[in-house]
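In: Compute the structure for the input listed below.
(one chain, ligands or ions: 1)
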Amino acid sequence: MNKDLDKTIELLKKYNQEHLLQFYSFLSEEEKSELINEILSIDFNLVQDTYNGVKCDDSKKEDNEFKPLKAKSLKLYTDAERVNLYNIGMDALTKGRVAVYLVAGGQGTRLGHKGPKGTFSIGLPSGKSLFQLQCERLIYLSKECKKYIPLYIMTSVDNHQETVSFFEEHNYFGYPKSMIMFFKQRTMPAVGEDGKILLSDKGRIVMSSNGNGGCFLALKESGALEDMKSKGVEWLFIYGIDNALVRVADPLFIGFTICSKQLAASKVVEKKYAEEKVGVLCYRNNKPAIVEYSEMQNIIASEVDSEGKLVYSNANILNHLLNIKFIEKIIEEPLPLHIAHKKIEHLDSHGRMVVPTEPNGYKFEYFLFDIFEKLSDMAALEVEREEEFAPVKNKEGEDSPETAKELILNLHKKWLTNARFNKTLLEKNQIEVSPLISYYGDNLSGKNINEI
Ligand code: UTP
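Out: Residues are numbered from 1 along each chain as shown. Predicted coordinates:
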């Protein structure tokens, strides 16, 4: 213990962070050892360098050159072409070449739900949670391809236990437990405006998740990457928890990516209007990149083609298929760490709790979309927003549970109308189609309404 304490003091001196032991003498033996362990787990070099802006990639370069990246539109494929893509994707799933990676370590601050976002029910008639909707889509596919698809779930220190317990309580929604692996992403300490690491309590540091881009390091550290390789997985479908319409491991998308001969592909939807706050997939300085609206000059973001469609219209929906070879490369070459100015509750030097009303410190995060700049090229598939994108971000208004629910029920009404269900029945009732029955709206004709 004393050896560890000496080591800690030396480390803190080196990085000018001695204040972290300011309340050490007030702690119990257990708290002392927890604090020492927490301090020793920090990469002080990385914190210091990022704070000093050395590794930070947030400097918006004025001279960036943008070019559009042409996405293939799914609606322009003929039925025969779609069937072909589907069969190629199904073949890869059947042969066990595809795994699914859900990044679910976010805090969901905007939604304000107590607990992991995946446990949230958006108010569908079935009351199903986001986790259940997504797992049931996987079950459907697994039945179709007669093989369970490995599912990896990244959580965070804050929501890990609750996530695992939720799955246990719901019997993994019928998915085999052995096919699901849960693991936590890493944390990073938060710093004040002076670069000093903040304490949340006398014996605790303010730690937060290292951003969704931390998912690659987590793959390696948890052993998930090795597990995938031992299973013969070649492609990883990565997606976020907060899209209630996500087509998890969509065979069409897998087929599309394989045929593209690229190491990565993204599903995108058409941007609604130039100022919409979504990242856009395009080329930045000749490399694929997802670019925020704020990074692009208005004149470029508003450019339209001869048909009046935005030239930069590929809205990112966090729906990617990556080749394992590419993932191994990303892990070897760390991503830039971004720094975010935030309101951070912490203990001041007098041991008083500070509850800020304005940003008072910095948090550090990796962004998943930074990976694309490591590619020379990639493919993009444009899909219909109403069919595949129902974001659940905010408590109310735009991109809220209410809008997501409406999108799902409208889509299901369309499916059932196409399958010639009784119009009056559909008008009078809100009918939700179980993901266990249909994936694309197929397989519905002739079914009993109760079964659906
Ligand atoms: P968001 O960027 O929407 O963040 O996450 P969030 O934390 O869920 O929500 P807000 O901003 O606090 O309201 C997009 C996806 O990235 C995951 C989220 O779980 C979601 O699937 N994510 C985000 C992580 O896995 N880890 C993180 O550190 C951050």
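
In: Quickly find the element holding residue 86.
Out: Per DSSP states H and E: residue 86 is located in helix 79-94.

In: So for that helix, what gets flagged as buried?
Out: Neighbour-count burial for helix 79-94, with 16 or more other C-beta atoms under 10 Å as criterion, is recorded at 82, 85-86, 88-90, 92-93. Just so you know, the C-beta spots here come from the backbone N, C-alpha and C atoms, and that holds for glycine as well.

In: Same question for stretch 179-195.
Out: 179-192, 195.

In: cool, and stretch 297-315?
Out: Quick answer for stretch 297-315 (16+ other C-beta under 10 Å): 300-301, 303, 310-315.

In: what mean pLDDT does it have?
Out: Here stretch 297-315 scores 93 as its mean pLDDT.

In: Show me which residues of this protein sit near the ligand.
Out: By C-beta under 6 Å from any ligand atom, the residues of the chain that approach the ligand are 103-110, 117, 154, 185, 209, 211-212, 240-242, 318, 393.

In: Show me which of these are buried.
Out: Judged by 16+ other C-beta under 10 Å, buried ones among the residues of the chain next to the ligand: 103-106, 108, 117, 154, 185, 209, 211-212, 240-242, 318, 393.

In: so residue 314 touches residue 283, yeah?
Out: No: using C-beta atoms under 8 Å, residue 314 makes no contact with residue 283, being 10.9 Å away.

In: which residues do those two both contact?
Out: Common contacts of residue 314 and residue 283 (C-beta atoms under 8 Å, 6 or more residues apart in numbering): residue 69.

In: Now do the strands in the stretch 101-250 of the chain.
Out: 151-155, 180-184, 187-189, 191-192, 199-201, 204-205, 207-209, 235-240 (DSSP state E, counting those that start in this stretch).

In: Those into CSV, with extra columns for mean pLDDT?
Out: As requested, the strands of the stretch 101-250 of the chain are arranged in CSV below (pLDDT from 0 to 100):
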stretch, mean pLDDT
strand 151-155, 98
strand 180-184, 98
strand 187-189, 96
strand 191-192, 96
strand 199-201, 97
strand 204-205, 98
strand 207-209, 95
strand 235-240, 98
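
In: right, and these - which one's nearest residue 335?
Out: Ranking the strands of the stretch 101-250 of the chain by proximity to residue 335 (C-beta to C-beta) places strand 187-189 first, at 12.9 Å.

In: how about the helices of the stretch 151-300 of the chain, start to end?
Out: For the stretch 151-300 of the chain, the helices defined by DSSP state H, counting those that start in this stretch cover 160-169, 215-222, 224-230, 251-260, 298-301.

In: Buried deepest among these, which one?
Out: Greatest average neighbour count among those goes to helix 251-260 (a mean of 23), per mean count of other C-beta atoms under 10 Å.

In: Return the angle between stretch directions for that one and strand 235-240.
Out: Relative orientation of helix 251-260 and strand 235-240, computed by axes from the mean of the first three to the mean of the last three C-alpha atoms, to 10 degrees: 130 degrees.

In: Assess the claim that residue 336 and residue 370 are in contact.
Out: Yes: here residue 336 lies in contact with residue 370, judged by C-beta under 8 Å, at a distance of 6.1 Å.

In: And residue 141, how far from the ligand?
Out: Using C-beta to the nearest ligand atom, to the nearest Å, residue 141 is found at 20 Å from the ligand.

In: Please apply the same query to residue 283.
Out: 23 Å.

In: Identify the spatial nearest neighbour of that residue, chain neighbours not counted.
Out: Distances taken as C-beta to C-beta, 6 or more residues apart in numbering place residue 67 nearest to residue 283, at 4.2 Å, with adjacent residues excluded.

In: do the same with residue 212
Out: Per C-beta to C-beta, 6+ apart, closest to residue 212 is residue 368, 4.4 Å.

In: count of neighbours near that neighbour?
Out: When neighbours are defined as other C-beta atoms under 10 Å, residue 368 has 21 of them.

In: returning to that earlier point: with distance to residue 76 added, can I get the strands of the stretch 101-250 of the chain in TSV?
Out: Below are the strands of the stretch 101-250 of the chain laid out as TSV (distance: least, C-beta to C-beta, whole Å):
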stretch	distance to residue 76
strand 151-155	32
strand 180-184	36
strand 187-189	43
strand 191-192	49
strand 199-201	53
strand 204-205	53
strand 207-209	39
strand 235-240	23
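
In: Nearest to residue 33, out of the ones you listed?
Out: Here strand 204-205 is closest among the strands of the stretch 101-250 of the chain (C-beta to C-beta), at 12.7 Å.

In: Residue of this structure nearest the ligand, please.
Out: Nearest residue of the chain to the ligand: residue 106, at 2.4 Å (C-beta to the nearest ligand atom).

In: wait, doesn't that residue sit right on residue 117?
Out: Yes: counting by C-beta under 8 Å, residue 106 touches residue 117, with 6.5 Å between them.

In: and for the two, which residues touch both?
Out: 241-242.

In: In space, what's closest to residue 131 - neighbours in sequence excluded?
Out: Spatially, and ignoring its direct neighbours in sequence, residue 131 is nearest to residue 118 (3.9 Å; C-beta to C-beta, 6+ apart).

In: count of residues packed around the one you found?
Out: 26.

In: For it, give me its contacts.
Out: So residue 118 contacts 102, 104, 129-131, 134, 163, 166, 241 (C-beta under 8 Å, 6+ apart).

In: Find the residue at the geometric middle of this protein.
Out: Closest to where the C-alpha atoms of the chain average out (C-alpha atoms, centre = their mean) is residue 240, at 3.2 Å.

In: wouldn't it be in contact with residue 103 here?
Out: Yes: assessed by C-beta under 8 Å, residue 240 is found in contact with residue 103 at 5.8 Å.

In: could you measure the residue of the chain closest to the ligand against residue 400, distance?
Out: According to C-beta to C-beta, to the nearest Å, residue 106 and residue 400 sit 16 Å apart.

In: again with residue 390
Out: To residue 400, residue 390 is 10 Å away according to C-beta to C-beta.

In: tell me the contacts of the nearest residue to residue 18 once chain neighbours are set aside?
Out: Closest residue to residue 18 apart from its sequence neighbours, by C-beta to C-beta, 6+ apart: residue 12 at 4.7 Å. Applying C-beta under 8 Å, 6+ apart, we find residue 12 in contact with 18, 20-21, 39.
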